[in-house]
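Q: pasting a predicted model and its sequence here:
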Amino acid sequence: MVYVPRTPPENNVSRTHPLVELATLLGGVAAAAVLLTLAAMAALDWIVPHIPPRLEIRVFGGLWPGAEALGEPDGPGARTRALLLRLATHWEANPYPLQLTLLPAAQPNAFALPGGAVGVTSALLDSVQSENELAFVLGHELGHLAGRHHLQAMGRSLLLSLALAGFHRGGSEALPLTAASLTALRFARDQERAADRFGLWLLAQEYGHLGGAADFFSRLPDAQAPQAGLRVASWLATHPLSADRVQEVKDWARQNGVPLQGPLRPLPWRHQDRR
Amino acid sequence: MDTTIWIQLISSWGVPLVLLALGYGVGTSVERSHYRSLRIREARMRSLPALNLQRPPAHWKIAGAGMVTGSVVVSVDYFKRFLAGLRGLVGGRIRVYESLLDRGRREALLRMKEGARQQGYDAIVNVRLETSRMASSRRDGKGTAGVEVLAFGTAVRIAR
């Protein structure tokens, strides 16, 4: 046996360039994650209308503070609740024992909450100028309940936070459904439009005209301070532009032959220190 | 824009991105220069055979023998770890680890050979390679701090 010194071939390392590998893997994994999330969302959209409201009420019904937390009987909270119940009498198919929940917050905002509750922030009650305007806000949220958008939005934000948590893998970003993420519940644009139409319909039933509806849009948080929403959730689901919605109010009024303006009713409570 | 959003963005995306770029840049240049050095030193050590025969060939007149070892401990950079993590999802060859361990084996063999030459040996037989994972104290020892590649064998001096 003769030993011949030779340089061995360098064949132990695959030839792919690491950056190519990174791009392929990252692209593939991201595409798969996006597809999976979209598929889950589509499944959610399909399931939500099939969830019986009774089941929803049983799960979420006791979650929100009810009438006892609304303050004095002729104060803004109690009067808003009365308005909500009055509006809901026009909605004959309503399956929910409606509830009003007052949330102390500095941003004027309103929510449709699972289990059949409508949440309004104290800042909203401070900023509305007429009963009609408040009625439109409440009607809009009733529209979300009628369309079961609240369940969809809740499922969506849950799915998105799951997806993001999976992406971060560290788990530090895992978002349970907290009060904070409730404020992030946003609905898709067409859902906002559907809720608007429902609200307009309720306004027309209650007052015979749509006065006050357009005022509401000028008080939306995203009309006042356009926050460049950096969270993915707000990219995927956000309100339509307020100007578009004002136009849609006009279109709806024309199509349904309902007057756009009419006498506004004053708020059913006394306003204190208006800023 | 809200400064807290920026801080969140930077901490959750900026830092890993910088680490990734740093890992790739530094890691690649270190790897390239290591391969360069490996090729030069391997050429220099070619005349000292390292064989995995259990015994020296019968016709060698052995004048002396002793054990020689060469060991190297290598760690992965952020980029390699990230890429390997992605690989862990779909399977397949972890190319970035292949080069790491290839370098580790060749460096360990070279160190062994260089040690043998310093001690005046002419050849090494019964060469073995071993790899062991060094656990990191983080994550209850489930993390990997690095890998040791150990080459050892019996060095022999041949009478002339």
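A: Cool, got the structure.

Q: could you tell me the model confidence score at the closest residue to A:L102 other than its chain neighbours?
A: Nearest residue to A:L102 in three dimensions, chain neighbours excluded: A:G77, at 4.7 Å (C-beta to C-beta, 6 or more residues apart in numbering or on different chains). The C-beta positions use only the backbone N, C-alpha and C, and glycine is treated the same way. Note on A:G77: pLDDT of 87.

Q: buried ones in the helix or strand where A:G77 lies?
A: Per DSSP states H and E: A:G77 is located in helix A:76-88. Residues of helix A:76-88 classed as buried: A:P76, A:G77, A:A78, A:R79, A:T80, A:R81, A:L83, A:L84, A:L87, A:A88 (neighbour count, 16 or more other C-beta atoms under 10 Å in any protein chain shown).

Q: residues making contact with it?
A: A:67, A:69-72, A:94, A:98-100, A:102, A:118, A:120, A:125, A:131, A:134-135, A:138-139, A:142, A:202, A:206, A:267-269 (C-beta atoms under 8 Å, 6 or more residues apart in numbering or on different chains).

Q: out of these, which are inside helices?
A: A:L125, A:E131, A:L134, A:A135, A:L138, A:G139, A:L142, A:L202, A:E206 (DSSP state H).

Q: just name the closest of those residues to A:A40, please.
A: A:A40 has its nearest neighbour among the ones in helices among the contacts of helix A:76-88 in A:L142, at 27.8 Å by C-beta to C-beta.

Q: list the contacts for residue 135?
A: In the absence of a named chain, chain A is used. A:L83, A:L87, A:L202, A:L203, A:E206, A:Y207, A:G212.

Q: nope, chain B please
A: B:G141, B:K142, B:G143, B:T144, B:A145.

Q: tell me the one of those residues nearest chain A?
A: Checking these against chain A with C-beta to the nearest C-beta, the nearest one is B:G143 at 13.3 Å.

Q: for the closest one, list the residues it contacts.
A: B:A135, B:S136.

Q: doesn't A:W91 belong to a helix?
A: No - judged by DSSP: H, G, I helix; E, B strand; the rest coil, A:W91 forms no part of a helix; its state is coil.

Q: by neighbour count, which of the contacts of A:A135 wins?
A: Within the contacts of A:A135, A:L203 tops the neighbour count with 28 neighbours, counted by other C-beta atoms under 10 Å in any protein chain shown.

Q: so that one sits against A:D215, correct?
A: No - A:L203 is beyond contact range of A:D215, at 11.7 Å (criterion: C-beta atoms under 8 Å).

Q: which of the helices or strands spans the nearest residue to A:H149 once chain neighbours are set aside?
A: Spatial nearest neighbour of A:H149, excluding adjacent residues (C-beta to C-beta, 6+ apart): A:Q191 at 4.5 Å. Per DSSP H and E: A:Q191 is located in helix A:189-207.

Q: mind saving the C-alpha coords of that helix as PDB?
A: Taking C-alpha atoms only, helix A:189-207 is exported to PDB below (Å, rounded to 0.1, in the frame of the first residue of the first chain):
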ATOM      1  CA  ARG A 189     -64.900  48.200   5.400                       C
ATOM      2  CA  ASP A 190     -67.900  46.500   4.000                       C
ATOM      3  CA  GLN A 191     -69.000  45.600   7.400                       C
ATOM      4  CA  GLU A 192     -68.800  49.300   8.400                       C
ATOM      5  CA  ARG A 193     -70.900  50.100   5.400                       C
ATOM      6  CA  ALA A 194     -73.500  47.500   6.300                       C
ATOM      7  CA  ALA A 195     -73.600  48.800   9.900                       C
ATOM      8  CA  ASP A 196     -74.000  52.300   8.600                       C
ATOM      9  CA  ARG A 197     -76.900  51.300   6.500                       C
ATOM     10  CA  PHE A 198     -78.500  49.500   9.400                       C
ATOM     11  CA  GLY A 199     -78.000  52.600  11.600                       C
ATOM     12  CA  LEU A 200     -79.500  54.900   8.900                       C
ATOM     13  CA  TRP A 201     -82.500  52.600   8.600                       C
ATOM     14  CA  LEU A 202     -83.000  52.800  12.400                       C
ATOM     15  CA  LEU A 203     -82.700  56.600  12.200                       C
ATOM     16  CA  ALA A 204     -85.300  56.700   9.500                       C
ATOM     17  CA  GLN A 205     -87.600  54.500  11.500                       C
ATOM     18  CA  GLU A 206     -87.200  56.500  14.700                       C
ATOM     19  CA  TYR A 207     -87.100  60.100  13.400                       C
END
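
Q: report all helices and strands that it contacts.
A: helix A:76-88, helix A:131-146, helix A:149-168, helix A:213-217, helix A:242-256 (3 or more C-beta pairs under 8 Å, 6 or more residues apart in numbering or on different chains; DSSP states H and E).

Q: in CSV, list those along with distance to B:I62.
A: Listed next are the helices and strands packed on helix A:189-207 as CSV, based on distance: least, C-beta to C-beta, whole Å:
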stretch, distance to B:I62
helix A:76-88, 99
helix A:131-146, 90
helix A:149-168, 61
helix A:213-217, 96
helix A:242-256, 92
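
Q: out of the ones you listed, which is the most enclosed?
A: Highest mean neighbour count among the helices and strands packed on helix A:189-207 (mean count of other C-beta atoms under 10 Å in any protein chain shown): helix A:131-146, with a mean of 26.
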